[in-house]
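Asks: coords please:
(chains A, B, C and D)
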Protein chains: 2
Amino acid sequence: MDLNERKLKILQAIVSDFISTSEPVGSRTLSKRPDIDLSPATIRNEMSDLEEMGYLTHPHTSAGRVPSDKAYRLYVDQLMNSADLPAENKEEIAKRLGDGAAELDETVEHAAKVLSEMTNLVSFAITPNRSDSKINYINFLPVDESTVVLMIVCEDGKVTNSAIRMNAPYTEENLTFMSKVMTHNFKGKAVSTLLTENIAATFESDMASLSSLSGSVVPSFVKTLEKMLNVDLYMDGYSNIFRLPEYNDIAKAKNFLETVTNKDEFTNVLVNRDQGLMITIGDENAEDLKDCALITADYKVNGKLVGRLGVIGPKRMKYGEVTSVIKYITDNLSKSFEIEAPKEEDEINE
Amino acid sequence: MDLNERKLKILQAIVSDFISTSEPVGSRTLSKRPDIDLSPATIRNEMSDLEEMGYLTHPHTSAGRVPSDKAYRLYVDQLMNSADLPAENKEEIAKRLGDGAAELDETVEHAAKVLSEMTNLVSFAITPNRSDSKINYINFLPVDESTVVLMIVCEDGKVTNSAIRMNAPYTEENLTFMSKVMTHNFKGKAVSTLLTENIAATFESDMASLSSLSGSVVPSFVKTLEKMLNVDLYMDGYSNIFRLPEYNDIAKAKNFLETVTNKDEFTNVLVNRDQGLMITIGDENAEDLKDCALITADYKVNGKLVGRLGVIGPKRMKYGEVTSVIKYITDNLSKSFEIEAPKEEDEINE
DNA sequence: GTTAGCACTCAATGCATTGGAGTGCTAACA
DNA sequence: TGTTAGCACTCCAATGCATTGAGTGCTAAC
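Replies: Reported below is the predicted structural model:
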């Protein structure tokens, strides 16, 4: 039994019907569609075949058909018409993205908000994983007698700082000296590499005179490096789930919210996805998310660092529309950061 | 008709019963309580009085009584026994708070998490409003040919930085000069005051030679100052609402989540509350929150900056327990930061 | 290969019934 | 005079039952 054109057409109709109504689709409903010129009985036969092939299921005898995960996958890969976003939507998105702040983190947060509002789904964004960021320089700055600020500037311009409580008195010269030696030793190294090195050793060999300070500085320095590896997760549109009939069941809504608000786990899921535009449906996801579909796409900053943006919702999702919106937003994000960074042009000219 | 002791006792019993069961309380149920030695009929008479006085309502003829907002207020002010937190709970909280990071923001976020887990409610925390923070110094640091980092260090040790794209070339001397002049002009001034000043004027008068840079620097500096006024809101425990029978109604759950995830509005509500331990119930809150109760308390850093922590839930809330937990956590937060800041002792010795 | 027809299934809906929790009122009691 | 027992009444919630309708699968005819 092969998946001939007629079967595909019927399957396509069932999936798109189910996506928009969330009701099992019956043969009579289908036969009324202008694009399907078959009697209900014929459709029933085909449906029966499709069910046997694993594309459809049956909540109970006297109900219509519901697409299986396999059907969604086929739909996304071959059947859906992923029309380009209408110009008016593009304009709206561009306009609303423009309202955001210039700071990367805020822009990304804002983009997630726009995304959830455009799709009526729960959206999320993670900031770039910066383990490969290279250190540009390190600076210690005085605050008061017992506090200094450690500042790590990366080559990509991102700054991380933390306050350090000093156990011993220090002078400004101490700080300048430490800044110089550490910059000299660590400049150009990636954060992740640095974390595998013995930082205390650098202190002992190159800053023996400052051993009284190293007890405060070394652990704080390591902590700050670790902080740089943290990926921030923003989410928006939680309450959108209540628009979806699948979450009219309190238990399901609860489950969904619990999974999705477990930031650590969810960040993990997002960080470990493949790059590019990714759609995962049902059992392609981890256990907790097997009733959901996830769509993610990446954005770039200076053509390098990669953050990720996406939505999560029921498998019954308007894949075409949502995908276009996500793509448009991530492209827009990447582009807006390119324009602000004339450096890009140098790379092209090289 | 006055609120005699017996009436108070009955009211107290009704409120605490309703808080733990969320079911309207009937006269027979009350008469079975060991602390109330009255017949159902007598209790009915008293209930009828209490209803007339506005402390109770009646969902329908054949239902028990439900406390009104007025009753909750009386309960919180006079009737509840706000027992101290059991030692084991204190230990648990202290232990779990200790797991958090040393960085203020992270600690606060972590505290909100602990709070929601201990109370099974939605918790939130806002970072201190820093409009009164005074500037310690200002520093410009180079990143690459077209980018510098602006760093503003406050007297309280908090550092804010932003990247600035320069429209014109700059030298390291330019940056040092700007840092010096701006620190000299702005040191000791509060962020909010500074925002009312004409910053461009400082550039024109004291840094006339750098006019080519001021176009990039001035707006970024103002933006950064504005960023410093932002109050961050963390929330946790959204999915706890599904444990509460009042949110078994999807429409109510939706309403609640929408109100509470509207960060801007909700932050506003929190920022504008009175200081100290505050409990607001029902119509004491803004329109959107009139079915809820909010409890907030403040924490201090260096005995000065004030952040706020709290929970939101149904009016039927275990006020005593929740209040003790919040108080314990905020006290703990304040204390933990005091210990890290030996400066405090100086103030005491003065 | 397609379709009409028919028996069958099953969730959903509507409706009447019942039970129980609770009230309010009255009259009797201490 | 305050308290209580008793009773009629109310109303919600649960239950059971019949009905409806959308849908299927199968068979026989086209």
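Asks: A:Ala168 touches A:Ser211, doesn't it?
Replies: No: using C-beta atoms under 8 Å, A:Ala168 is not in contact with A:Ser211, being 9.4 Å away. Where you see a C-beta, it was placed from the backbone N, CA and C, and this is true even at glycine.
Asks: in the stretch 51-200 of chain A, which spans are strands?
Replies: A:56-57, A:66-67, A:122-126, A:135-144, A:147-154, A:159-165 (DSSP state E, counting those that start in this stretch).
Asks: closest one to B:Gly64 among the ones you listed?
Replies: strand A:122-126 (39.2 Å; C-beta to C-beta).
Asks: what's that closest one in contact with?
Replies: By C-beta atoms under 8 Å, 6 or more residues apart in numbering or on different chains, the residues outside strand A:122-126 that reach it are A:108-109, A:111-113, A:115-116, A:231-238, A:240-241, A:260, A:266-267, A:270-271, A:307-313.
Asks: please, a PyMOL command that selects the buried ones among these?
Replies: Those of these that count as buried under 16 or more other C-beta atoms under 10 Å in any protein chain shown are selected in PyMOL with:
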select buried, chain A and resi 108+109+111+112+113+115+116+231+233+234+235+236+237+238+240+241+260+266+267+270+307+308+309+310+311+312+313
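Asks: inside strands: which ones of the contacts of strand A:122-126?
Replies: Residues from the contacts of strand A:122-126 lying in strands, with DSSP state E as the criterion: A:233-236, A:307-313.
Asks: make CSV from the strands of the stretch 51-200 of chain A and add mean neighbour count and mean pLDDT to it.
Replies: Formatted as CSV, these follow (neighbours: other C-beta atoms under 10 Å in any protein chain shown; pLDDT from 0 to 100):
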stretch, mean neighbour count, mean pLDDT
strand A:56-57, 20, 96
strand A:66-67, 23, 98
strand A:122-126, 26, 97
strand A:135-144, 20, 91
strand A:147-154, 23, 91
strand A:159-165, 19, 86
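Asks: report how many residues lie close to the residue of the stretch 251-350 of chain A found nearest DNA strand C.
Replies: Nearest residue of the stretch 251-350 of chain A to DNA strand C: A:Lys252, at 14.5 Å (C-beta to the nearest atom of the strand). Counted with other C-beta atoms under 10 Å in any protein chain shown, the neighbours of A:Lys252 add up to 15.
Asks: that one contacts A:Glu246, correct?
Replies: Yes: under the criterion of C-beta under 8 Å, A:Lys252 makes contact with A:Glu246 at 6.5 Å.
Asks: between the two, what contacts are shared?
Replies: A:Asp291.
Asks: in the ones in strands among the contacts of strand A:122-126, find the pair that's most separated.
Replies: Every pair of the ones in strands among the contacts of strand A:122-126 checked by C-beta to C-beta; the farthest is A:Gly307 and A:Gly313, at 20.5 Å.
Asks: quick one: A:Glu52 from DNA strand D, how far?
Replies: Separation of A:Glu52 from DNA strand D (C-beta to the nearest atom of the strand, to the nearest Å): 9 Å.
Asks: how close does the nearest residue to that residue once chain neighbours are set aside sit to DNA strand C?
Replies: In space, and not counting its chain neighbours, A:Glu52 is closest to A:Met1: 7.2 Å by C-beta to C-beta, 6 or more residues apart in numbering or on different chains. To DNA strand C, A:Met1 is 11 Å away according to C-beta to the nearest atom of the strand.
Asks: all good on my end, thank you.
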